[in-house]
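S.K.: Let's see this in three dimensions:
(one chain, ligands or ions: 2)
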Amino acid sequence: MKHYQMGGSIVRALDGLDLDIDAHTFTVVMGPSGSGKSTLLYLLGGLDRATAGEISIDGARLDEMDENALALFRRRTVGFVFQSFNLIPSMSALENVAFPMQFAGITSVQRNHQARNLLGQVGLSDRTDHRPTELSGGQQQRVAIARALVNNPSLILADEPTGNLDTSSGAAVMQLLSDLHNSGRTVLVVTHDPRMTRFATHKIYLLDGRSVSETEYQSAALESAQVS
Ligand SMILES: Nc1ncnc2c1ncn2[C@@H]1O[C@H](COP(=O)(O)OP(=O)(O)OP(=O)(O)O)[C@@H](O)[C@H]1O
Ligand SMILES: [Mg+2]
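M.R.: Ligands and ions are numbered 1, 2, ... in the order given. As a prediction, this is how the structure comes out:
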């Protein structure tokens, strides 16, 4: 459960949610704006804490961790990908990917080697020296995915990773996430886009902070379409 206190009122961002997400699955989370998708992703990634309830990932209870343990969990286990890429504008693609490794006590030679490797994995070997403004949106997102892979995370959490991309760059990014799933990782993607369900092994539908069945979700979508 995640509630936000806003002045005198309470926003129930997630309410009575009970989910099991199996390891090595590709889960797509669908839901209208404000239904709690990002909130769910942040809770699962340890970027935010639930107001109440248990969150357990691979046997570890996130709700029982202190800040240090939670930071360690994020660094070791989770790779985040965001809609807006969040790259550092003054750094090249290589530097953007190598940067987070500074905190893991890796030498700069090893960092650059590893970053080059990861950029190769996302198909950007020929763009390592480009800054974000010198890359297309799809390429920027692939740099962000390479960066998310730096600590070899077992869980990839992506919030609307294709939201700012045209159809074909979006498809390339989804394919890349699917490849990561096929290489044994657990992938959870938040999206508005029904086309993205193509790679999903599981789907979660959220309405007003609750998980609903596909049928319930679709009849709600139909109703709102009739109203507008
Ligand atoms: N920091 C906050 N303080 C107060 N309310 C918040 C906060 N963050 C989110 N909310 C509220 O919680 C609800 C869920 O927000 P969330 O960002 O999870 O939605 P979402 O499904 O990701 O939407 P979108 O598709 O627009 O990104 C919304 O009603 C939102 O207004
Ligand atoms: Mg969101």
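S.K.: alpha carbons only for contacts and neighbour counts from here, please
M.R.: Noted.
S.K.: Show the average pLDDT along stretch 112-126.
M.R.: The pLDDT scores in stretch 112-126 average 96.
S.K.: what's in contact with that stretch?
M.R.: Residues from elsewhere that reach stretch 112-126 (C-alpha atoms under 8 Å, 6 or more residues apart in numbering): 94-95, 97-98, 128, 139, 142-143, 145-147, 149-150, 176.
S.K.: ok now it, how far from the chain's centre?
M.R.: Offset of stretch 112-126 from its chain centre (C-alpha atoms, centre = their mean, to the nearest Å): 20 Å.
S.K.: And the furthest pair within the contacts of stretch 112-126?
M.R.: 95 and 176 (21.0 Å; C-alpha to C-alpha).
S.K.: Of those two, which one has the most company?
M.R.: residue 95 (21 against 17; other C-alpha atoms under 10 Å).
S.K.: The more buried one looks like it's in a helix, true?
M.R.: Yes - assessed by DSSP: H, G, I helix; E, B strand; the rest coil, residue 95 belongs to a helix.
S.K.: show me what contacts it?
M.R.: Residue 95 neighbours (C-alpha under 8 Å, 6+ apart): 112, 115.
S.K.: ok, which residues in this structure are in contact with ligand 1?
M.R.: Counting by C-alpha under 6 Å from any ligand atom, the residues of the chain lying close to ligand 1 are 4, 11, 13, 32-39.
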